[in-house]
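**Student:** Got a sequence here, can you model it:
(chains A and B)
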Amino acid sequence: MRNNSGGVIQRADIGQLLSVLTEKGYITIGPTLRDNTIVYDEIESVQDLPIGWTDIQAPGSYRLIKRDDEALFAYNTAPQSWKRYLNPPRIRLWKAQRTEGGGFTVDPEDYAPSKYAFIGVRACELKAILIQDKVFLGGYKDPCYQSRREGAFIVAVNCTQANETCFCASMNSGPKAESDYDLALTEIIDEQRHEFVVECGSERGEEILKELQHRPVEAEDSQRVDERIQETISQMGRSMDTHRLQSLLASQPNHPRWEEVAERCLSCANCTMACPTCFCSTVEDVTDLTGDHAERWRQWDSCFTMDFTYISGGHVRSSVMSRYRQWMTHKLSTWHDQFGVSGCVGCGRCITWCPVGIDITEEVAAFQNSHSQKTTNSVEK
Amino acid sequence: MIAPTQAPMVTTPWTITRIEKETEDTFTLDLKASEVEASPYRFEPGQFNMLYVFGVGEAPISISGDPAKPKRLRHTTRIVGTVTRAMGALRKGESIGIRGPYGSSWPLEQAKGKDVIIVSGGIGLAPLRPALHKLLAHRQQYRRIILLYGARTPEDILYNKHLEKWRARFDVEVYITVDRATRNWRGNVGVVTPLVKRAPFHRDNAIAMICGPEIMMRYAVQELRTRGLQAEDIYVSIERNMKCAIGHCGHCQYGPAFTCKDGPVFRYDKIEHLFNLVEI
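**Tutor:** Purely as a prediction, here's the structure:
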């Protein structure tokens, strides 16, 4: 971490950042308006950013509204996350060709190294990327993920406001990016200024900053950053108490709350698609009309689908109850066993994008309350 | 476990050298590596491969051959779905894609100097056959070897030739039962689990290996525990949906475990808390 190196860039010069990155050969991916949401897509200039827009999120609800300023990053989380670029929704794994006499040859997909610059990665999203690193690079290495991840240049943006569905502070994953970025920006807007305090997190980041018009960081600048981060923390609409949560959920497979939440859950899989850490996938085999050419594709899958657990004896998890239980227990409990971290970063996407507004923090609280009640009762006895 | 390779999802064609029909719905394929680089292949009893049928799909199939002869790769498959049906239609000389071996194996090291009880049901004998091959190849290292095997009907009994050979030996005890007898059946009728009561093993110095339908495994564990076997001396092989076999696809999760890499063979005490739960 190189907190000492940094600078302050004026709003008018932020376009330079994009053009310098482009000159260095990066494909710049950042937030842009589409379909009444903010999505991450290829951007060419500041004009592509959601200038002056913010998002209002609540359980099962997402609205964009116009602000009275020209803020570039005054929104929280987009429905998509960066996994779309690091672990694309659908990729080809290999092609195969039938040969004479019943054999075939296999031609593995060549994943040429991608040079993406991700603009506007929030602290919770950065944490999610580090979590997916453990999944795809921790044991067997996924060549596609590796080719995209290793070249990625990360421009983090610290959140200067929080939504009702945000709870990264309680998950220790935000709102300020602490490490593993190349550059981190904090957008400062008040009567006198619209500027960005930039921190460098890598040599690559320092090199880029050198090419941008900037002034040194003064003590007041750092103070303004700290104030905004504190304000963001205080705005956070939700929190999750993770104390002993891993063992609590692991010990409650028959808790009646699972049935209660299953009555509302549509098992639509939205939460898993929106979640920045969910990584499950399935494969599809296709052939052309001659039947001599076959391909194998991998695509995102969800533990909420019926087919997910199909074996010869039937579907292991046929009830919605068991599928919700699997998802939430995995996310908050068994993820620790598998990867040494929680699978939740507190971004709130699963709450916002759940069509019926199921709230993971509320579910956790329900388990904790019933547990503490039980403990109290047994003490009274 | 094999070393993580550059492209772990890429399959390698092997050639079918022999097809043996075992029962009405099961068959055994012998495969040999088509390419030279695939020949350093070796596996441990209990491990599995991902088998790919051209253009149709991939399925996890346990290895059922002799680990001392890894160049002749052997798999016994029951026709239960699209991939296994297509596999059953392949002919000698055609190719199958192989990735593997994957997963944990039977505790043959830990079993040394102990009585070994093998409880299997139906196709569950397939992943245990490599263990039997290895146990018998090093027969003097183990005490009693007991095989309990249950099939649906006499026609569904797998590996007749091997069973007859093992049964003829004085140093292996083989008990076979069928759920439903036919006219010519003179053997035991009923499920396999009550046979545990008859098996002569020493409860303080024995190890059990179980593979079969989950319901059968539950009762087998119960019987073995009643006979005084400790939870840590019992091993079971779990079946789950698998798409990748390398811990990336998420399908095979069994509580905190990935069945593909932490299993399929689990020590019972490690999964006891999951074993009797439904839909886990």
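**Student:** which residue does the stretch 1-150 of chain B bring closest to chain A?
**Tutor:** Using Cβ to the nearest Cβ, residue B:94 is the residue of the stretch 1-150 of chain B that sits closest to chain A, at 3.4 Å. For glycine as for every other residue, the C-beta is placed from the backbone atoms N, C-alpha and C.
**Student:** so that residue makes contact with residue B:14?
**Tutor:** No: if you go by Cβ atoms under 8 Å, residue B:94 and residue B:14 don't touch, sitting 10.3 Å apart.
**Student:** Neighbour count for the two, which is higher?
**Tutor:** For residue B:94 versus residue B:14, the count of surrounding residues by other Cβ atoms under 10 Å in any protein chain shown is larger for residue B:14: 24 against 18.
**Student:** that older thread, mind listing what the residue of the stretch 1-150 of chain B closest to chain A touches?
**Tutor:** Applying Cβ atoms under 8 Å, 6 or more residues apart in numbering or on different chains, we find residue B:94 in contact with A:102, A:103, B:15, B:16.
**Student:** nearest residue to the first one other than its sequence neighbours?
**Tutor:** Read that as residue A:102. Of all residues not flanking residue A:102 in the chain, residue B:94 sits nearest, at 3.4 Å (Cβ to Cβ, 6 or more residues apart in numbering or on different chains).
**Student:** how deep is residue 150 tucked in, by neighbour count?
**Tutor:** Unless you meant another one, I'm taking chain A. The burial count for residue A:150: 11, using other Cβ under 10 Å.
**Student:** actually chain B
**Tutor:** The number of residues near residue B:150, taken as other Cβ under 10 Å, comes to 28.
**Student:** Also residue B:64?
**Tutor:** Applying other Cβ under 10 Å, we find 25 residues neighbouring residue B:64.
**Student:** For the residue nearest to residue B:26 when sequence neighbours are not counted, which residues are in contact?
**Tutor:** Leaving aside its sequence neighbours, residue B:26 sits nearest to residue B:78 (Cβ to Cβ, 6+ apart; 4.7 Å). By Cβ under 8 Å, 6+ apart, the residues touching residue B:78 are A:312, B:25, B:26, B:84, B:122, B:123.
**Student:** what's the distance between the fifth one and residue B:149?
**Tutor:** Okay, so that is residue B:122. 9 Å (Cβ to Cβ, to the nearest Å).
**Student:** same thing with the third one?
**Tutor:** Counting by Cβ to Cβ, the gap between residue B:26 and residue B:149 amounts to 14 Å.
**Student:** what about the two, which has more around it?
**Tutor:** Per other Cβ under 10 Å, whichever of residue B:26 and residue B:149 has more neighbours is residue B:149, with 25 against 21.
**Student:** downstream neighbour of whichever strand or helix holds that one in the secondary structure list?
**Tutor:** Residue B:149 belongs to strand B:145-151 when assigned by DSSP states H and E. Sequence-wise, the next helix or strand downstream of strand B:145-151 (DSSP H and E) is helix B:160-168.
**Student:** Okay, buried residues for that following helix please.
**Tutor:** Of the residues in helix B:160-168, those buried by neighbour count under the rule 16 or more other Cβ atoms under 10 Å in any protein chain shown are B:163, B:166.
**Student:** what's the answer for stretch A:102-120, then?
**Tutor:** Buried residues in stretch A:102-120, defined by neighbour count with 16+ other Cβ under 10 Å: A:102-104, A:106, A:108-109, A:111, A:114, A:116-120.
**Student:** Adding secondary structure, write those residues out as JSON lines.
**Tutor:** Putting these into JSON lines (DSSP: H, G, I helix; E, B strand; the rest coil) gives the following:
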{"residue": "A:102", "secondary structure": "helix"}
{"residue": "A:103", "secondary structure": "coil"}
{"residue": "A:104", "secondary structure": "strand"}
{"residue": "A:106", "secondary structure": "strand"}
{"residue": "A:108", "secondary structure": "strand"}
{"residue": "A:109", "secondary structure": "coil"}
{"residue": "A:111", "secondary structure": "coil"}
{"residue": "A:114", "secondary structure": "coil"}
{"residue": "A:116", "secondary structure": "strand"}
{"residue": "A:117", "secondary structure": "strand"}
{"residue": "A:118", "secondary structure": "strand"}
{"residue": "A:119", "secondary structure": "strand"}
{"residue": "A:120", "secondary structure": "strand"}
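**Student:** Listing partners with orientation, what would you give for the helix or strand encompassing residue B:177?
**Tutor:** Secondary structure assignment for residue B:177, by DSSP H and E: strand B:173-178. Sheet pairing here is set by DSSP bridges, and for strand B:173-178 it gives strand B:145-151 (parallel), strand B:188-189 (parallel).
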